[in-house]
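A.B. asks: How does the following fold in three dimensions:
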Amino acid sequence: MFKKEEKTYSLAEAVGIIEKESAEREASRRKEIYAVALRVNNELPPLALAIKEFSKKPAPPQARSSEKVRDRFCEIAVQQIAAMQPPSAAEPQEFLRAAHQLINGLGGLTERQLLHLGIFFQYDIQPVAKKMKEINNLLHTEAEGNHKKVLALFDEIKALDATLNSTKRAAAELESALARHESRKSSIITPSEHTDNSSLLVAERRLQRTRQEVDSLLAVQKFLRKYVHAKNLHDELIDEYLDSPSSALLHDEHFRIIKIIMEARAYDDTGKAESVISRENEVRARRTELGEAVKEVDREKQKYETASSHAASRAMEARRKLVAAESELRDASRSLAEEKEKLDILHSDITRKKTELMLLASSLLDAKITL
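C.D. replies: Next comes the predicted model:
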(Lines give C-alpha, C1' and ligand atoms only; values in the text may rest on other atoms or scores of the structure.)
Protein backbone atom coordinates (compact mmCIF):
# COMPACT_ATOMS: atom_id res chain seq x y z
CA MET A 1 0.00 0.00 0.00
CA PHE A 2 1.10 3.59 -0.65
CA LYS A 3 1.95 5.73 2.35
CA LYS A 4 0.02 9.00 2.49
CA GLU A 5 2.37 11.93 1.85
CA GLU A 6 2.59 14.31 4.85
CA LYS A 7 1.66 17.91 4.14
CA THR A 8 4.16 20.61 5.15
CA TYR A 9 3.39 24.28 5.82
CA SER A 10 5.43 27.14 7.10
CA LEU A 11 4.12 28.66 10.31
CA ALA A 12 2.89 31.76 8.44
CA GLU A 13 1.08 29.61 5.84
CA ALA A 14 -0.54 27.49 8.54
CA VAL A 15 -1.80 30.56 10.42
CA GLY A 16 -3.22 31.95 7.14
CA ILE A 17 -5.16 28.73 6.48
CA ILE A 18 -6.47 28.55 10.05
CA GLU A 19 -7.43 32.24 9.95
CA LYS A 20 -9.46 31.64 6.77
CA GLU A 21 -11.24 28.65 8.33
CA SER A 22 -11.95 30.63 11.47
CA ALA A 23 -13.41 33.53 9.45
CA GLU A 24 -15.79 31.15 7.69
CA ARG A 25 -16.98 29.79 11.03
CA GLU A 26 -17.50 33.26 12.43
CA ALA A 27 -19.60 34.60 9.57
CA SER A 28 -22.78 33.10 11.03
CA ARG A 29 -22.16 34.42 14.55
CA ARG A 30 -21.00 37.97 13.85
CA LYS A 31 -23.77 39.53 15.98
CA GLU A 32 -22.69 37.56 19.04
CA ILE A 33 -19.06 38.52 18.44
CA TYR A 34 -20.01 42.19 18.05
CA ALA A 35 -21.84 42.13 21.40
CA VAL A 36 -18.72 40.76 23.09
CA ALA A 37 -16.59 43.37 21.33
CA LEU A 38 -18.84 46.17 22.61
CA ARG A 39 -18.57 44.84 26.18
CA VAL A 40 -14.78 44.70 25.90
CA ASN A 41 -14.72 48.23 24.46
CA ASN A 42 -16.77 49.50 27.41
CA GLU A 43 -14.23 48.05 29.84
CA LEU A 44 -11.24 49.89 28.32
CA PRO A 45 -11.92 53.39 29.80
CA PRO A 46 -12.21 52.00 33.37
CA LEU A 47 -8.93 50.12 32.77
CA ALA A 48 -7.21 53.34 31.65
CA LEU A 49 -8.56 55.12 34.75
CA ALA A 50 -7.27 52.34 37.04
CA ILE A 51 -3.82 52.60 35.41
CA LYS A 52 -3.75 56.38 35.88
CA GLU A 53 -4.64 55.98 39.56
CA PHE A 54 -1.92 53.32 39.91
CA SER A 55 0.68 55.70 38.43
CA LYS A 56 -0.08 58.27 41.16
CA LYS A 57 0.51 55.89 44.06
CA PRO A 58 3.76 56.46 46.03
CA ALA A 59 6.20 53.61 45.57
CA PRO A 60 6.73 51.41 48.68
CA PRO A 61 10.33 51.37 50.02
CA GLN A 62 10.97 47.90 48.57
CA ALA A 63 9.79 49.05 45.12
CA ARG A 64 12.05 52.09 44.62
CA SER A 65 14.16 50.34 41.99
CA SER A 66 11.02 49.34 40.02
CA GLU A 67 9.35 52.76 40.17
CA LYS A 68 10.65 53.78 36.71
CA VAL A 69 9.39 50.49 35.25
CA ARG A 70 5.96 51.18 36.81
CA ASP A 71 5.86 54.73 35.42
CA ARG A 72 6.86 53.63 31.93
CA PHE A 73 4.29 50.79 31.98
CA CYS A 74 1.51 53.22 32.96
CA GLU A 75 2.48 55.80 30.35
CA ILE A 76 2.65 53.29 27.49
CA ALA A 77 -0.49 51.41 28.59
CA VAL A 78 -2.65 54.57 28.66
CA GLN A 79 -1.38 55.51 25.19
CA GLN A 80 -2.14 52.00 23.88
CA ILE A 81 -5.70 52.09 25.21
CA ALA A 82 -6.28 55.57 23.79
CA ALA A 83 -5.15 54.32 20.37
CA MET A 84 -7.77 51.52 20.28
CA GLN A 85 -10.49 52.06 17.69
CA PRO A 86 -14.10 51.05 18.59
CA PRO A 87 -15.42 47.79 17.11
CA SER A 88 -17.32 47.75 13.84
CA ALA A 89 -20.40 45.60 13.33
CA ALA A 90 -18.98 44.38 10.02
CA GLU A 91 -15.67 43.09 11.45
CA PRO A 92 -15.92 42.86 15.24
CA GLN A 93 -13.33 40.08 15.31
CA GLU A 94 -10.63 42.55 14.25
CA PHE A 95 -11.34 44.59 17.38
CA LEU A 96 -11.25 41.48 19.59
CA ARG A 97 -7.91 40.45 18.14
CA ALA A 98 -6.52 43.94 18.73
CA ALA A 99 -7.92 43.89 22.29
CA HIS A 100 -6.35 40.48 22.93
CA GLN A 101 -3.03 41.77 21.64
CA LEU A 102 -3.40 44.91 23.80
CA ILE A 103 -4.06 43.00 27.03
CA ASN A 104 -1.21 40.54 26.43
CA GLY A 105 1.27 43.29 25.60
CA LEU A 106 -0.07 46.05 27.85
CA GLY A 107 2.55 48.64 28.70
CA GLY A 108 5.20 46.79 26.72
CA LEU A 109 5.58 44.16 29.48
CA THR A 110 5.39 40.39 29.24
CA GLU A 111 3.24 38.31 31.59
CA ARG A 112 6.29 37.51 33.69
CA GLN A 113 7.37 41.16 33.87
CA LEU A 114 3.85 42.19 34.86
CA LEU A 115 3.89 39.52 37.55
CA HIS A 116 7.24 40.89 38.77
CA LEU A 117 5.70 44.38 38.97
CA GLY A 118 2.78 42.93 40.94
CA ILE A 119 5.14 41.56 43.58
CA PHE A 120 6.49 45.02 44.45
CA PHE A 121 3.20 46.91 44.02
CA GLN A 122 1.06 44.11 45.43
CA TYR A 123 -1.86 46.21 46.70
CA ASP A 124 -1.72 49.27 44.43
CA ILE A 125 -1.81 47.25 41.21
CA GLN A 126 -4.82 45.11 42.24
CA PRO A 127 -7.50 47.33 40.56
CA VAL A 128 -5.52 47.22 37.29
CA ALA A 129 -5.02 43.43 37.51
CA LYS A 130 -8.69 42.90 38.33
CA LYS A 131 -9.86 44.94 35.34
CA MET A 132 -7.39 43.15 33.02
CA LYS A 133 -8.71 39.80 34.24
CA GLU A 134 -12.32 40.86 33.55
CA ILE A 135 -11.42 41.88 29.99
CA ASN A 136 -9.45 38.66 29.48
CA ASN A 137 -12.46 36.64 30.62
CA LEU A 138 -14.64 38.43 28.06
CA LEU A 139 -12.08 37.75 25.34
CA HIS A 140 -11.83 34.07 26.29
CA THR A 141 -15.61 33.61 26.00
CA GLU A 142 -15.17 34.39 22.33
CA ALA A 143 -11.80 32.75 21.88
CA GLU A 144 -12.92 29.18 22.50
CA GLY A 145 -11.59 26.45 20.23
CA ASN A 146 -8.15 25.75 18.85
CA HIS A 147 -8.68 27.94 15.79
CA LYS A 148 -9.09 30.98 18.05
CA LYS A 149 -6.22 29.85 20.24
CA VAL A 150 -3.88 29.66 17.25
CA LEU A 151 -4.81 33.16 16.12
CA ALA A 152 -4.52 34.51 19.65
CA LEU A 153 -1.09 32.92 20.08
CA PHE A 154 0.02 34.34 16.74
CA ASP A 155 -1.05 37.83 17.86
CA GLU A 156 0.74 37.38 21.18
CA ILE A 157 3.94 36.37 19.40
CA LYS A 158 3.73 39.42 17.12
CA ALA A 159 3.31 41.66 20.16
CA LEU A 160 6.24 39.96 21.90
CA ASP A 161 8.39 40.35 18.77
CA ALA A 162 7.62 44.07 18.69
CA THR A 163 8.50 44.37 22.38
CA LEU A 164 11.67 42.32 21.77
CA ASN A 165 12.81 44.68 19.01
CA SER A 166 12.13 47.80 21.08
CA THR A 167 13.92 46.22 24.06
CA LYS A 168 16.93 45.40 21.85
CA ARG A 169 17.07 49.02 20.73
CA ALA A 170 16.82 50.20 24.33
CA ALA A 171 19.61 47.81 25.38
CA ALA A 172 21.83 49.02 22.53
CA GLU A 173 21.24 52.65 23.53
CA LEU A 174 22.04 51.83 27.14
CA GLU A 175 25.26 50.06 26.13
CA SER A 176 26.31 53.19 24.23
CA ALA A 177 25.37 55.35 27.22
CA LEU A 178 27.32 53.02 29.52
CA ALA A 179 30.42 53.36 27.32
CA ARG A 180 30.04 57.16 27.38
CA HIS A 181 29.72 57.20 31.19
CA GLU A 182 32.78 54.94 31.56
CA SER A 183 34.76 57.21 29.23
CA ARG A 184 33.61 60.31 31.12
CA LYS A 185 34.57 58.76 34.45
CA SER A 186 38.03 57.72 33.25
CA SER A 187 38.66 61.23 31.89
CA ILE A 188 38.11 62.85 35.30
CA ILE A 189 41.44 63.46 37.02
CA THR A 190 41.34 64.41 40.69
CA PRO A 191 44.15 66.94 41.23
CA SER A 192 46.26 66.87 44.37
CA GLU A 193 45.30 69.27 47.14
CA HIS A 194 49.00 69.64 48.05
CA THR A 195 50.33 73.15 47.46
CA ASP A 196 54.02 74.05 47.22
CA ASN A 197 54.98 75.95 50.38
CA SER A 198 58.73 76.17 49.77
CA SER A 199 58.66 79.96 49.21
CA LEU A 200 56.74 80.43 52.45
CA LEU A 201 59.22 78.26 54.36
CA VAL A 202 62.16 80.27 52.97
CA ALA A 203 60.48 83.55 54.01
CA GLU A 204 59.68 82.20 57.49
CA ARG A 205 63.29 81.01 57.99
CA ARG A 206 64.59 84.42 56.90
CA LEU A 207 62.23 86.13 59.36
CA GLN A 208 63.25 83.77 62.14
CA ARG A 209 66.94 84.38 61.45
CA THR A 210 66.44 88.17 61.37
CA ARG A 211 64.49 88.05 64.67
CA GLN A 212 67.27 86.06 66.31
CA GLU A 213 69.89 88.56 65.09
CA VAL A 214 67.79 91.50 66.36
CA ASP A 215 67.17 89.78 69.70
CA SER A 216 70.92 89.24 70.03
CA LEU A 217 71.72 92.83 69.03
CA LEU A 218 69.20 94.22 71.56
CA ALA A 219 70.03 91.87 74.44
CA VAL A 220 69.56 94.72 76.96
CA GLN A 221 66.96 93.07 79.21
CA LYS A 222 69.31 92.71 82.21
CA PHE A 223 70.03 96.37 82.85
CA LEU A 224 66.60 97.49 81.56
CA ARG A 225 64.97 95.45 84.35
CA LYS A 226 67.19 97.20 86.92
CA TYR A 227 66.29 100.56 85.40
CA VAL A 228 62.52 99.85 85.43
CA HIS A 229 62.66 98.56 88.99
CA ALA A 230 64.68 101.53 90.25
CA LYS A 231 62.47 104.09 88.54
CA ASN A 232 59.26 102.13 89.22
CA LEU A 233 58.26 102.53 85.57
CA HIS A 234 55.16 101.18 83.82
CA ASP A 235 55.97 101.53 80.12
CA GLU A 236 54.34 99.10 77.66
CA LEU A 237 57.08 99.54 75.06
CA ILE A 238 59.83 98.81 77.62
CA ASP A 239 57.86 95.76 78.82
CA GLU A 240 57.71 94.52 75.23
CA TYR A 241 61.49 95.01 74.80
CA LEU A 242 61.97 92.96 77.96
CA ASP A 243 59.77 90.20 76.52
CA SER A 244 60.79 90.18 72.83
CA PRO A 245 63.22 92.82 71.49
CA SER A 246 62.51 91.98 67.80
CA SER A 247 58.72 92.32 68.24
CA ALA A 248 59.15 95.54 70.25
CA LEU A 249 61.44 97.04 67.60
CA LEU A 250 58.76 96.53 64.97
CA HIS A 251 56.23 98.41 67.12
CA ASP A 252 58.72 101.16 68.06
CA GLU A 253 57.60 103.60 65.36
CA HIS A 254 59.45 106.57 66.89
CA PHE A 255 62.58 104.54 67.59
CA ARG A 256 62.50 105.22 71.37
CA ILE A 257 64.82 102.34 72.19
CA ILE A 258 68.01 104.43 71.81
CA LYS A 259 66.67 107.11 74.16
CA ILE A 260 65.52 104.44 76.65
CA ILE A 261 68.96 102.80 76.62
CA MET A 262 70.71 106.14 77.06
CA GLU A 263 68.58 106.80 80.14
CA ALA A 264 69.19 103.30 81.51
CA ARG A 265 72.92 102.90 80.73
CA ALA A 266 73.86 103.87 84.28
CA TYR A 267 72.50 100.44 85.31
CA ASP A 268 74.61 98.60 82.74
CA ASP A 269 77.92 97.14 83.92
CA THR A 270 78.56 95.10 80.76
CA GLY A 271 79.04 97.80 78.12
CA LYS A 272 76.05 96.53 76.17
CA ALA A 273 74.24 99.87 76.34
CA GLU A 274 77.15 101.78 74.78
CA SER A 275 77.49 99.10 72.10
CA VAL A 276 73.83 99.48 71.06
CA ILE A 277 73.98 103.28 71.12
CA SER A 278 77.06 103.24 68.91
CA ARG A 279 75.33 100.91 66.45
CA GLU A 280 72.15 102.98 66.16
CA ASN A 281 72.30 103.01 62.36
CA GLU A 282 72.62 99.23 62.30
CA VAL A 283 69.61 98.92 64.63
CA ARG A 284 67.57 101.16 62.33
CA ALA A 285 68.64 99.08 59.30
CA ARG A 286 67.74 95.90 61.15
CA ARG A 287 64.29 97.32 61.90
CA THR A 288 63.76 97.98 58.19
CA GLU A 289 65.04 94.51 57.32
CA LEU A 290 62.79 92.95 59.96
CA GLY A 291 59.73 94.81 58.64
CA GLU A 292 60.47 93.66 55.10
CA ALA A 293 60.86 90.06 56.30
CA VAL A 294 57.47 90.21 58.07
CA LYS A 295 55.81 91.63 54.94
CA GLU A 296 57.42 88.95 52.80
CA VAL A 297 56.06 86.23 55.10
CA ASP A 298 52.58 87.79 54.96
CA ARG A 299 52.72 87.93 51.14
CA GLU A 300 53.92 84.35 50.82
CA LYS A 301 51.34 83.17 53.34
CA GLN A 302 48.54 84.89 51.41
CA LYS A 303 49.80 83.40 48.13
CA TYR A 304 50.01 79.96 49.73
CA GLU A 305 46.51 80.20 51.24
CA THR A 306 45.06 81.38 47.89
CA ALA A 307 46.80 78.56 46.01
CA SER A 308 45.68 76.02 48.65
CA SER A 309 42.10 77.25 48.41
CA HIS A 310 42.14 76.99 44.61
CA ALA A 311 43.68 73.51 44.77
CA ALA A 312 41.06 72.38 47.30
CA SER A 313 38.27 73.82 45.13
CA ARG A 314 39.60 72.08 42.03
CA ALA A 315 39.92 68.79 43.89
CA MET A 316 36.41 69.15 45.36
CA GLU A 317 34.92 69.90 41.93
CA ALA A 318 36.72 66.91 40.44
CA ARG A 319 35.41 64.68 43.24
CA ARG A 320 31.88 66.02 42.68
CA LYS A 321 32.12 65.22 38.97
CA LEU A 322 33.51 61.77 39.80
CA VAL A 323 30.65 61.02 42.20
CA ALA A 324 28.11 62.17 39.59
CA ALA A 325 29.81 60.06 36.89
CA GLU A 326 29.84 57.00 39.15
CA SER A 327 26.15 57.51 39.95
CA GLU A 328 25.30 57.77 36.23
CA LEU A 329 27.42 54.69 35.57
CA ARG A 330 25.60 52.69 38.25
CA ASP A 331 22.19 53.80 36.93
CA ALA A 332 23.13 52.89 33.36
CA SER A 333 24.52 49.51 34.46
CA ARG A 334 21.37 48.74 36.46
CA SER A 335 19.10 49.79 33.58
CA LEU A 336 21.12 47.72 31.11
CA ALA A 337 20.91 44.67 33.39
CA GLU A 338 17.12 45.14 33.58
CA GLU A 339 16.84 45.36 29.78
CA LYS A 340 18.98 42.24 29.34
CA GLU A 341 16.81 40.42 31.84
CA LYS A 342 13.75 41.48 29.81
CA LEU A 343 15.41 40.15 26.65
CA ASP A 344 16.00 36.76 28.30
CA ILE A 345 12.38 36.63 29.43
CA LEU A 346 11.09 37.68 26.00
CA HIS A 347 13.21 35.10 24.15
CA SER A 348 11.95 32.42 26.53
CA ASP A 349 8.31 33.48 26.17
CA ILE A 350 8.50 33.69 22.37
CA THR A 351 10.13 30.26 22.10
CA ARG A 352 7.52 28.72 24.41
CA LYS A 353 4.56 30.28 22.57
CA LYS A 354 5.94 29.40 19.13
CA THR A 355 6.31 25.78 20.20
CA GLU A 356 2.72 25.74 21.46
CA LEU A 357 1.49 27.44 18.28
CA MET A 358 3.28 24.97 15.98
CA LEU A 359 1.86 21.98 17.88
CA LEU A 360 -1.69 23.36 17.71
CA ALA A 361 -1.41 24.28 14.01
CA SER A 362 0.06 20.84 13.22
CA SER A 363 -2.86 19.16 15.02
CA LEU A 364 -5.52 21.28 13.28
CA LEU A 365 -4.10 20.88 9.76
CA ASP A 366 -2.68 17.38 10.21
CA ALA A 367 0.56 18.65 8.73
CA LYS A 368 4.17 19.32 9.55
CA ILE A 369 4.79 22.95 10.53
CA THR A 370 8.13 24.67 9.99
CA LEU A 371 9.32 28.14 10.97
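A.B. asks: Which residues are in contact with residue 90?
C.D. replies: residue 30 (C-beta atoms under 8 Å, 6 or more residues apart in numbering). All C-beta spots, glycine's among them, are computed from the backbone N, C-alpha and C.
A.B. asks: for it, helix, strand, or coil?
C.D. replies: coil (DSSP: H, G, I helix; E, B strand; the rest coil).
A.B. asks: now residue 12
C.D. replies: Applying three-state DSSP: residue 12 is helix.
A.B. asks: So for it, what's the pLDDT?
C.D. replies: pLDDT for residue 12: 86.
A.B. asks: Report the separation between it and residue 329.
C.D. replies: Residue 12 sits at a distance of 44 Å from residue 329 (criterion: C-beta to C-beta, to the nearest Å).
A.B. asks: again with residue 226
C.D. replies: Counting by C-beta to C-beta, the gap from residue 226 to residue 329 is 78 Å.
A.B. asks: got any ranges where the chain has weak pLDDT?
C.D. replies: Flagging of the chain using pLDDT under 70 yields the residue ranges 1-6, 25-28, 63, 110-111, 141-145.
A.B. asks: show me where it has strands.
C.D. replies: 7-10, 367-370 (DSSP state E).
A.B. asks: which ones are touching residue 147?
C.D. replies: Neighbours of residue 147 in contact, by C-beta under 8 Å, 6+ apart: 18, 21-22, 25, 364.
A.B. asks: and those residues, which of them are in helices?
C.D. replies: 18, 21-22, 25, 364 (DSSP state H).
A.B. asks: Now list the buried members of those residues.
C.D. replies: Neighbour-count burial (16 or more other C-beta atoms under 10 Å) applied to the ones in helices among the contacts of residue 147 gives 18, 22, 364.
A.B. asks: I'd guessed the second one sits against residue 151; true?
C.D. replies: It refers to residue 22. Yes - with contact defined as C-beta atoms under 8 Å, residue 22 reaches residue 151; the gap is 6.2 Å.
A.B. asks: where does residue 256 fall, phi/psi-wise?
C.D. replies: When read as degrees, to the nearest 10, the backbone of residue 256 gives phi -80, psi -10.
A.B. asks: and if you look at residue 121?
C.D. replies: Main-chain dihedrals, residue 121, degrees, to the nearest 10: phi -120, psi 50.
A.B. asks: And it, how far from residue 80?
C.D. replies: Taking C-beta to C-beta, one finds residue 121 at 19 Å from residue 80.
A.B. asks: Let me see the domain layout of this structure.
C.D. replies: For the chain, automatic domain parsing gives the domain ranges 7-189+327-370, 198-308.
A.B. asks: Need those domains in CSV (columns: distance to residue 319).
C.D. replies: Below are those laid out as CSV (distance: least, C-beta to C-beta, whole Å):
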stretch, distance to residue 319
domain 7-189+327-370, 9
domain 198-308, 16
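A.B. asks: Which of the ones you listed sits closest to residue 321?
C.D. replies: domain 7-189+327-370 (5.2 Å; C-beta to C-beta).
A.B. asks: Start and end of the closest one, how far apart?
C.D. replies: 11 Å (C-alpha to C-alpha, to the nearest Å).
A.B. asks: Stretch 242-262 too?
C.D. replies: Stretch 242-262: ends 16 Å apart by C-alpha to C-alpha.
A.B. asks: Please give me every residue in contact with the residue nearest to residue 368 when sequence neighbours are not counted.
C.D. replies: Using C-beta to C-beta, 6 or more residues apart in numbering and skipping residues adjacent in sequence, the residue nearest residue 368 is residue 8, 4.5 Å away. Contacts for residue 8 (C-beta under 8 Å, 6+ apart) come out as 367-370.
A.B. asks: Residue 277 against residue 258, yeah?
C.D. replies: Yes - using C-beta under 8 Å, residue 277 is in contact with residue 258, at 6.2 Å.
A.B. asks: what sits in contact with each of those two?
C.D. replies: With C-beta under 8 Å, 6+ apart, residue 277 and residue 258 have no common neighbours.
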